[in-house]
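Undergrad: Provided below for reference: sequence and predicted model.
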Amino acid sequence: MRRARFRFEDLEVWQRGAEITHSLCDIADDLEERRRYRFAEQLRAAALSIPNNVAEGSGSQSKREFGQFLNIARRSAFECASMLLVFGKRHLVDEDLMDSILGDLDEECRMLLSFKRSLA
């Protein structure tokens, strides 16, 4: 039996967000191993918010409403970037990994903004 395919799965902005979330969840797992449970929980929630809001927005009935969900996803990406920078200052995240993911988050933010503009 073939599973249902959702519209958002074909969106590059969702695919990229899901990849970034995977990387951020790896960092959250490491934070948990270091007994930084609240940091891990907050990072995981913000990371999951990126692709989840793209997915939720794709089910909207209007482009305006979809755009609002893309704004939330973008803000969540900024939240993740802020946490990474703070964790980096506390030496909780490898600097090279942090820089790489920050670059990915920046790219995702640009993609989200561009996609939102294309909806208008």
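TA: Cool, got the structure.

Undergrad: now do the helices in this protein.
TA: Assigned by DSSP state H, the helices in the chain fall at 12-33, 37-58, 63-89, 95-119.

Undergrad: looking at those helices, which is nearest to residue 4?
TA: Closest to residue 4 of the helices of the chain, according to CB to CB: helix 37-58, at 13.2 Å. Where C-beta positions appear, they are placed from N, C-alpha and C, glycine not excepted.

Undergrad: pull out the buried residues from the closest one.
TA: 39-40, 42-44, 46-58 (16 or more other CB atoms under 10 Å).

Undergrad: residue 13 and residue 113 touch, don't they?
TA: No. Between residue 13 and residue 113 there is no contact under CB atoms under 8 Å: 9.8 Å.

Undergrad: now do the residue nearest the centre of the chain, the pLDDT please.
TA: Closest residue to the average C-alpha location of the chain: residue 50 at 3.4 Å, with CA atoms, centre = their mean. Residue 50 carries a pLDDT value of 98.

Undergrad: residues contacting the closest residue to residue 24 other than its chain neighbours?
TA: Spatial nearest neighbour of residue 24, chain neighbours left out: residue 47 (3.7 Å); criterion: CB to CB, 6 or more residues apart in numbering. Applying CB atoms under 8 Å, 6 or more residues apart in numbering, we find residue 47 in contact with 20-21, 24-25, 28, 76, 80.
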